[in-house]
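Asker: Dropping a prediction and its sequence here:
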Amino acid sequence: MRSMRQFVIVADCGSISRAAARLNISQPTLSRSIRNLEANRGVELFNRHGEGVTLTQYGQILYAHAVSILNQYDRANEEIRQLQGSGKASLRIAAGDLWGYVHLPTAVKEYSDRHPDVLVDLEIVSHANRLDGLRNGTYDLVFGIIDPSVEALYSMTFLKLKKEGFHIYGDSHHPLRGVHRIRKRDLAGHRWINHQFEFGLNDDAGEGQERDYAVKANTLLSAIQVMRGSQLLISASSGFDDLLKTFGILPICSDATRQVLDSGAIFWGDLQEKPMLRYFVESVKRQVNG
C-alpha cells in the first residue's frame, strides 16, 4: 500500500520533489519507489518533463484504481478503529486557497468545537484534483467553483455561497498606489504574476488585455513572497483583500477584465441525508454570511 499511496501523491502533486516534501522522504527514495512500481508493471506511469510529471495512459488507469483501493482501505481501517473505540469519524474536505485560507478556518474551528467526535481533514489542492477527489471518494466535500458542464455530467450538487469579483493587487509601495484613477494605459508596461491558486483557473488576462507575465505561481503563499517589495501586479479574487493586507499587498483597482464567479460547496446527493456534511455546510454559511 505504501508504494501505491506514494504513486497517488506524486500524481496529485505533479512533481516528485513536491511529493517527497509532502511525504517527508528524500526525493531519490521516492524516485526509486516509482521506478520500481513501473518496473514491476513493465510500463512507464509518468511522463517526466522540466516542470514535473504527468500521468501516462498506463498511469491514468492505475491512478483511477489506486485511489479507489486506498479510499476503501482507509475507510476499512477507520471503521475498525471506531469499533475498537479509539477512532473518530472523519470529514474530508478539499478547497482552493481562497476557501482554504479565508472562508473555511473559522467554520472548521466552530464545527470542531461542536462536534469533537469528528476529525476534519482540510486539504488545499488544485481545482482539477478537488473534483477528481470528489468523484473517486477521496473527499466528502469540496469548496470552489464548478463548470456547469461538469455539474450536469456527474450530477454533482453545487450550493452557491459566495460571489466575488477581482482586484488587481500590488505591494503597498507600488507606484500605482498613488494614482487616483487607474486606466488601461496605466497598467501597460508593468509585469505580472500568473497563477492557478485562485479557483484553480489560469489568469488569462481577460478579453483584449495582454499582460507581461514575469512569474508563474501555483500557490498563494509563493505569490505573496514574490510580490512583497516588488513592482509586480497580480489579479486575484477580492475575497483576498484582508488576508493580503496583512502581508502589505493591497488592492490597486478593480479588474474589469475578469468575470465575477459563483463559488460554494460541491458534493454528491442530498445534504439532508448526510448530517455530518450538513452541519459543516451550515457552519460555513454562518461564517460567509456573518
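Answerer: Looks like it came in fine.

Asker: Can you tell me the element Asp132 falls in?
Answerer: helix 127-136 (DSSP states H and E).

Asker: same thing with Pro251?
Answerer: Using DSSP H and E, the element containing Pro251 is strand 249-254.

Asker: What strands line up against the helix or strand following that strand, and which way round?
Answerer: Per DSSP H and E, the first helix or strand lying C-terminal to strand 249-254 is strand 261-267. Here strand 261-267 has these sheet partners by DSSP bridges: strand 141-144 (antiparallel), strand 157-164 (antiparallel).

Asker: Let's have the ones you listed in JSON lines, adding mean pLDDT and mean neighbour count.
Answerer: Any C-beta I mention is one placed from the backbone N, CA and C, and that applies to glycine too. Converted to JSON lines, the strands paired with strand 261-267 look like this (pLDDT from 0 to 100; neighbours: other CB atoms under 10 Å):
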{"stretch": "strand 141-144", "mean pLDDT": "92", "mean neighbour count": "27"}
{"stretch": "strand 157-164", "mean pLDDT": "88", "mean neighbour count": "16"}
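
Asker: Let me have those strands in CSV, adding distance to Leu23 as columns.
Answerer: CSV is the format used below for those (distance: least, CB to CB, whole Å):
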stretch, distance to Leu23
strand 141-144, 23
strand 157-164, 33
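
Asker: low-scoring stretches of the chain, by residue?
Answerer: Within the chain, the stretches with pLDDT under 70 are 78-79, 81-87, 148-154, 197-209, 290.

Asker: you'd agree Leu159 is up against Val281?
Answerer: Yes - between Leu159 and Val281 there is a contact at 6.8 Å, judged by CB atoms under 8 Å.

Asker: Give me the common contacts of the two.
Answerer: 265, 271 (CB atoms under 8 Å, 6 or more residues apart in numbering).

Asker: For the stretch 51-200 of the chain, which segments count as helices?
Answerer: Using DSSP state H, counting those that start in this stretch, the helices of the stretch 51-200 of the chain run over 57-84, 97-98, 104-114, 127-136, 148-154, 184-187.
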